[in-house]
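[1] The following comprises the amino acid sequence and a computationally predicted model.
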Amino acid sequence: MRKLFGTDGIRAVAGQAPLDAKTVRAVGTALARKLGGARGTSAKAASVILGMDTRESGPWIAATLTTGLREGGATVENAGVITTPAIAHLARKHGFSAGVVISASHNPWEDNGIKIFGGDGFKLPDSVELEIESEIERVLAENASPATTESEIPAVNEGYRLEYIDFLLAAVPGISLDNKTVVIDCANGAASSVAPQLFAELKGTVEVTHASPDGRNINLHCGALHPEVVAAEVKARGASMGFTFDGDADRALFADENGNVVNGDAVMLACARDMQQRGTLACDTVVATTMSNMGLEAAFKRSGIRMLRAPVGDKYVLEEMNKSGASLGGEQSGHILFPSKATTGDGLLTALMVLDTVHRSGKTLGQLIADLKNFPQVILNVKVREKKPLETLPRVQALIQAAEEELKDSGRVVIRYSGTEALARVMIEAESQEAMRRHAEAIATSIQEELGL
């Protein structure tokens with residue numbers, strides 16, 4: 001079982017294990033050794049492209065990681081503040097051994113993380129992450145000094161950001177705002193360095209918000225964690241649509257012309273129908289996750305589209321897509337995968353794809369998804385001190401079983417631990433809001449009593 005890597009890299013409070021200086025340096029050394037051959041014996045030097053979001057801890061983590069990478073024999077190039085999917089694209093395009101992003105995505109500014117992509121632009125398989133963890137343990141046992149300075153970071157190559165913008169525009173040729181007004185919420189994160197320039201290339205009026213990062217305001221009352229903010233802006237400004245990203249812009253949520261929040265489920269529905277009409281929806285199949293609403297499944301059925309469910313995490317969605325041959329997949333949270341365009345979820349690409357769908361349909365975003373009727377759904381997050389297997393908690397299991405028996409075909413129960421935070425997530429959806437809320441609160445309370453802080 002992995003100890004350091006979650007569903008999306010290594011993540012923790014910056015400066016605390018496993019994001020303390022000594023461990024971060026060890027991560028760099030271990031990754032370089034893994035890329036360059038066992039214990040660094042290969043004659044071929046590994047090469048890594050590095051990027052980060054806007055957190056104030058990013059520079060020192062980058063410096064420390066760079067020191068470790070160089071000690072392991074790797075060369076390092078720096079793309080500066082840039083989105084996570086940009087690093088995946090650049091790693092693949094330029095033949096780097098790996099791409100590394102220093103980001104904690106949607107987490108608060110105090111947290112940070114290390115995300116790693118292979119040279120093919122895809123997230124690492126769990127098995128490779130386990131191998132890197134073993135190497136990290138060996139490096140730590142060598143007691144290397146953690147001392148480093150920010151001068152260790154290579155100079156930023158601004159050309160990489162421009163290359164990424166060119167890639168996005170080429171991925172959706174002929175894209176246009178049709179002289180309409182859109183609102184963009186950059187979450188004071190990585191999108192701030194890309195989105196304003198990208199959307200300025202389109203024909204329309206672009207209102208950019210939350211694009212003034214100060215190191216501590218990333219995701220703060222804005223971005224994909226608070227889609228109601230951009231929705232309110234759309235309504236107030238009379239805009240046609242709104243886009244909002246998380247801290248590293250690998251996902252996006254939307255607001256329609258009426259100021260309603262549009263999540264990843266609705267985005268998949270609009271894009272799937274468009275792709276089906278154009279004959280590009282492979283196998284008439286879409287891969288969602290266990291968190292996607294039953295209403296989405298019903299809407300897909302009406303259109304003759306099969307929906308498969310994967311575990312939460314876009315890397316697991318992609319694995320199921322590869323198995324089923326699907327050409328579209330994603331998460332309710334806004335990670336949308338278009339494998340014919342990119343190797344990973346990309347919020348900016350998703351925004352362009354939605355714009356293109358709306359443009360060609362002649363309809364508004366709200367009209368495209370008007371028939372999506374979601375089952376009532378509640379998600380309760382419980383802070384936990386440890387992620388003990390749920391099957392070892394008899395009281396919790398009894399409550400889950402009772403909920404499943406009562407809801408049967410009229411609802412779903414999904415209880416899981418977050419892969420990126422110390423949280424247990426209790427998700428229940430049901431036709432009966434009373435039953436939904438009652439079971440969710442009972443299960444959450446039981447988990448709190450067993451494992452709560």
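    Done, it's in.

[2] From here on, just use CA atoms for contacts and neighbour counts.
    OK.

[3] doesn't residue 245 make contact with residue 255?
    No - the criterion here is Cα atoms under 8 Å, and residue 255 misses it with residue 245 at 11.8 Å.

[4] the more surrounded of the two?
    Each of residue 255 and residue 245 has its neighbours counted (other Cα atoms under 10 Å); residue 245 has more, 35 against 29.

[5] From residue 203, how far out is residue 182?
    11 Å (Cα to Cα, to the nearest Å).

[6] Which of the two has more residues huddled nearby?
    Comparing residue 182 with residue 203 by other Cα under 10 Å, the one with more neighbours is residue 182, at 24 against 14.

[7] which SSE is the more buried one in?
    Using DSSP states H and E, residue 182 maps to strand 181-185.

[8] Mind listing residues that contact whichever helix in the chain runs longest?
    The longest helix of the chain (DSSP state H) is helix 433-451. Contact with helix 433-451 is made by 376-388, 393, 395-396, 399-400, 403, 424, 426-430, as judged by Cα atoms under 8 Å, 6 or more residues apart in numbering.

[9] Repeat the analysis, applying 7 Å as the threshold.
    Outside helix 433-451, the residues within contact range by Cα atoms under 7 Å, 6 or more residues apart in numbering are 376, 380, 382, 384-386, 395-396, 399-400, 403, 426-430.

[10] Looking at those residues, which are in strands?
    380, 382, 426-430 (DSSP state E).

[11] Now the two most distant members of these.
    382 and 430 (20.4 Å; Cα to Cα).

[12] What lies in contact with stretch 390-406?
    413, 439, 443, 446-447.

[13] Hmm, I typed the wrong one, I wanted stretch 287-305.
    Applying Cα under 7 Å, 6+ apart, the contact partners of stretch 287-305 are 265, 284-285, 306-312, 317, 320-321, 326, 328-332, 372-375.

[14] how much distance is there from it to the middle of the chain?
    Relative to its parent chain, stretch 287-305 has a centroid offset of 20 Å by Cα atoms, centre = their mean, to the nearest Å.

[15] what mean pLDDT does the longest helix of the chain have?
    Across helix 433-451, pLDDT averages out at 95.

[16] Give me the buried stretch members for that helix, please.
    Within helix 433-451, the residues that qualify as buried by neighbour count (16 or more other Cα atoms under 10 Å) are 435-437, 439-441, 443-448, 450-451.

[17] Dump those residues into CSV; add distance to residue 17 as well.
    Converted to CSV, these look like this (distance: Cα to Cα, whole Å):
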residue, distance to residue 17
435, 41
436, 38
437, 37
439, 36
440, 33
441, 32
443, 31
444, 28
445, 29
446, 29
447, 25
448, 24
450, 25
451, 21
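
[18] Greatest separation within the residues you listed: which pair is it?
    The span of these, defined through Cα to Cα, is set by 435 and 451 at 24.1 Å.

[19] In three-state terms, label residue 208 for me.
    Following DSSP: H, G, I helix; E, B strand; the rest coil, residue 208 is assigned to strand.

[20] That one against residue 187, yeah?
    No - look at residue 208 against residue 187 with Cα atoms under 7 Å: they stay out of range, at 10.4 Å.

[21] Among these two, which residue is more densely surrounded?
    Shown here are residue 208 and residue 187; by other Cα under 10 Å, residue 187 has more neighbours (30 against 17).

[22] Would you mind measuring from that one to residue 418?
    22 Å.

[23] returning to that earlier point: name the member of the contacts of helix 433-451 that has the highest neighbour count.
    Ranking these using other Cα under 10 Å puts residue 428 first, with 29 neighbours.

[24] Tell me who's in contact with it.
    Contacts of residue 428 by Cα under 7 Å, 6+ apart are 377-379, 412-414, 436, 440.

[25] Which pLDDT value belongs to it?
    pLDDT, residue 428: 95.

[26] What residues does the nearest residue to it once chain neighbours are set aside make contact with?
    What sits nearest to residue 428 in space, not counting adjacent residues and going by Cα to Cα, 6 or more residues apart in numbering, is residue 413, at 4.7 Å. By Cα under 7 Å, 6+ apart, the contact list for residue 413 reads 404, 427-429.

[27] Can I take it that residue 413 is in a strand?
    Yes - assessed with three-state DSSP, residue 413 lies in a strand.

[28] how close does it get to residue 437?
    12 Å.

[29] Next: residue 409.
    17 Å.

[30] Beta-bridge partners for the residue lying closest to residue 206 once chain neighbours are set aside, please?
    In space, and not counting its chain neighbours, residue 206 is closest to residue 182: 5.2 Å by Cα to Cα, 6+ apart. Beta-bridge partners of residue 182, counted by DSSP bridges, are residue 206, residue 241.

[31] so residue 182 touches residue 205, yeah?
    Yes - between residue 182 and residue 205 there is a contact under Cα under 7 Å: 6.4 Å.

[32] as a whole number, average confidence for stretch 349-366?
    Stretch 349-366 comes out at a mean pLDDT of 96.

[33] List the contacts of that stretch.
    Contacts of stretch 349-366 with the rest of the structure, by Cα under 7 Å, 6+ apart, involve 168, 172, 175, 243, 252, 256-257, 271, 274, 336.

[34] Name the spans of the stretch 251-400 of the chain whose pLDDT lies under the cut-off.
    In the prediction, the stretch 251-400 of the chain carries no residues with pLDDT under 70.

[35] all strands for it, in order.
    Remark: strands assigned in the stretch 251-400 of the chain by DSSP state E, counting those that start in this stretch are 252-255, 261-262, 285-289, 306-310, 329-330, 336-337, 377-383.

[36] go on, the stretch 1-150 of the chain?
    In the stretch 1-150 of the chain, the strands defined using DSSP E, counting those that start in this stretch lie at 5-6, 9-13, 47-52, 75-81, 98-102, 111-118.
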